[in-house]
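Undergrad: Here's a sequence, model it:
(one chain, ligands or ions: 1)
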Amino acid sequence: MSRIKSAEIKIGLEVHCQLTNLMTKLFCSCSSDYRGKDPNTHICPICMGMPGTLPVLNEKALEDATMVAIALNSNISDRMLFFRKNYFYPDMPKNFQISQYDKAGGVPFSLGGYIQIDKEKIRIRRTQIEEDPGKLSYEGTIESSPSTLVDYNRAGIALIEIVTEPDIRSPKEARLFLEKLRSILEHLGVSDGSLEGAMRCDANISLKGGRRVEIKNISSFKEVERALNFEITRQKSFIERGIIVGQETRHWDEVRRITVSLRSKEEEQDYRYFPEPDLVPVTISKDYIQKVKVKMPELPDDRMRRFIEQYDLTLQNAEILTRNKEMADFFEECVELYKNSREISNWLIGELLPYVRDKNVEIEELKVTPKHLTDMLRFIDDGTISRKMAQSVFREILSTGKMPDSIIKEKGLKKILDKQYVVEMVEKVLKENPRAVEDALTDEKAINYLMGQLMKLTKGRIDPKVAGEIMRRRLSDLTKGIS
Ligand SMILES: [Zn+2]
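TA: Residues are numbered from 1 along each chain as shown. Below is the predicted model of the structure:
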């Protein structure tokens, strides 16, 4: 079987981000804080599309979108127009969605731009402002008369849609792009990606020799990577057997972890776009853009450069820490409490991040605080615990949220400084491992084995440096025939 090289894979993303910093919906004064609320309690005649009502644009949404476009290096159109996207489906009570359009005289909010991922530039095609549809949920099964429930609390929530060019070359790069985008939006303070459904994504993918396939309904970044990996495997097996991959739209089934065909090219919907007559075009002046620009907060790339300079971090570590705003904030809070910034970054990247990834949690859900980490680092510095012990203290902090001093007390993790004890334990190990001792006289590597046994016996509670010196001295005595 031939392997598909990454250069032969083209992935584009279409990301929908809720502007979660807005108090109200995009065109009415309904509260945007709809999560966990009773269904259909955050609605009004405007977002329900009652005859005679008029939408009014949320000014803050315009400011948010302007910041996003600037951060993405995108060119903002000087005239903003809204279009009606017509479709008949119960998630929109009006039978149309107020969106933007790049044809028929329409312009998207902004055009062009890019996000830098390592050395690659992923180009942005366009951004646009639109309203979120409502949420459908299903009850019962096919056998037991199923029903669809509609909740319009989400209908009319402000979204910014960001569409990339097909510049992404692997599922992993797609995830990195989304992480970077989320970090940018969170640094701008416009969207909180940790909120359920705040960032949703459609992907399109084509392999050399096949057509473009769109994947809908991907709910999280992890799922994006999974869905794309599945689609690559599926399309590859088609191409290798000489079967043509047709242009179609597929649905990502999160439970079964497969994509399922929704519709082919021929069934493509016609949305009958036309300009929204109830909203006037808005002129966006250079002056306005400049005003927004000057009050924009620090962006991840600038923060990364500052981290390198101010905290003496490597480019790689600074890049990893600023990939996630919560992580970058956590780091800076630690530095306030403890001077050794490199040590902090090592613990965050080496211990905290793998845990976050493994448990698939958000940093703000963790029980560890900057105080936990920095207290623990001080215990290493003053010799109370070894680095090895600190690792188990840290794991305990993560699972219980207890402070390091009480963990050390409870677990009896204090380092044993008594030299006589170390000497006795060294003797014991040497006595119990005569073969290794014999090897150690001629082979350096066998010493590592003996040290391992020693740390195991003492449960890592002794200072490995001191112990190593004692071990070497005893071995050298043995070589000289002193017992
Ligand atoms: Zn409303």
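Undergrad: Neighbours of residue 165, how many?
TA: Residue 165 is flanked by 17 other residues according to other CB atoms under 10 Å. Every C-beta, even on glycine, is put in place using the N, C-alpha and C of the backbone.
Undergrad: what bridges to the nearest residue to it once chain neighbours are set aside?
TA: The shortest distance from residue 165 to any non-neighbouring residue, by CB to CB, 6 or more residues apart in numbering, is to residue 123 (4.1 Å). Taking DSSP bridges as the rule, residue 123 bridges to residue 114.
Undergrad: Read off the pLDDT value for residue 123.
TA: On pLDDT, residue 123 comes in at 98.
Undergrad: dump the residue contacts of it.
TA: By CB atoms under 8 Å, 6 or more residues apart in numbering, the residues touching residue 123 are 112-114, 164-165, 167.
Undergrad: How confident was the prediction at residue 199?
TA: 92.
Undergrad: Isn't it up against residue 184?
TA: No - using CB atoms under 8 Å, residue 199 is not in contact with residue 184; the gap is 11.6 Å.
Undergrad: The residue nearest to residue 165 and the ion: what is the separation?
TA: 36 Å (CB to the ion, to the nearest Å).
Undergrad: Please apply the same query to residue 435.
TA: 79 Å.
Undergrad: burial measure for that residue, as a count.
TA: Around residue 435 sit 9 other residues, with neighbours defined as other CB under 10 Å.
Undergrad: Ok, residue 443 next?
TA: Residues within reach of residue 443, counting by other CB under 10 Å, total 12.
Undergrad: Can you check what pLDDT the model gives it?
TA: Looking at residue 443, its pLDDT stands at 80.
Undergrad: All further residue positions should be reported with the first residue as 33.
TA: That works, and once the first residue is 33, the last one we named lands at residue 475.
Undergrad: What residues does it make contact with?
TA: Residue 475 neighbours (CB under 8 Å, 6+ apart): none.
Undergrad: mind running it again at 10 Å?
TA: Contact analysis of residue 475 by CB atoms under 10 Å, 6 or more residues apart in numbering lists 468, 481.
Undergrad: Could you do the one 10 residues further on as well?
TA: Contact partners of residue 485, counting by CB under 10 Å, 6+ apart, are 457, 460-462, 464-465, 468.
Undergrad: Nearest to residue 248 among the contacts of residue 155?
TA: residue 196 (16.0 Å; CB to CB).
Undergrad: List the beta-bridge partners for the closest one.
TA: Going by DSSP bridges, residue 196 forms beta bridges with residue 156.
Undergrad: Count the neighbours of it for me.
TA: Residue 196 has 25 nearby residues by other CB under 10 Å.
Undergrad: same thing with residue 73?
TA: By the criterion of other CB under 10 Å, residue 73 has 12 neighbours.
Undergrad: coming back round to it: same for the ion: which of the contacts of residue 155 are within range?
TA: Among the contacts of residue 155, no residue sits close to the ion (CB under 5 Å from the ion).
Undergrad: Let me know the average pLDDT across the helix or strand harbouring residue 389.
TA: Assessed by DSSP states H and E, residue 389 sits inside helix 385-391. In this model, helix 385-391 carries a mean pLDDT of 90.
Undergrad: From the contact counts, what lies against that helix?
TA: If you count contacts as 3 or more CB pairs under 10 Å, 6 or more residues apart in numbering; DSSP states H and E, helix 385-391 packs onto helix 357-369, helix 419-432.
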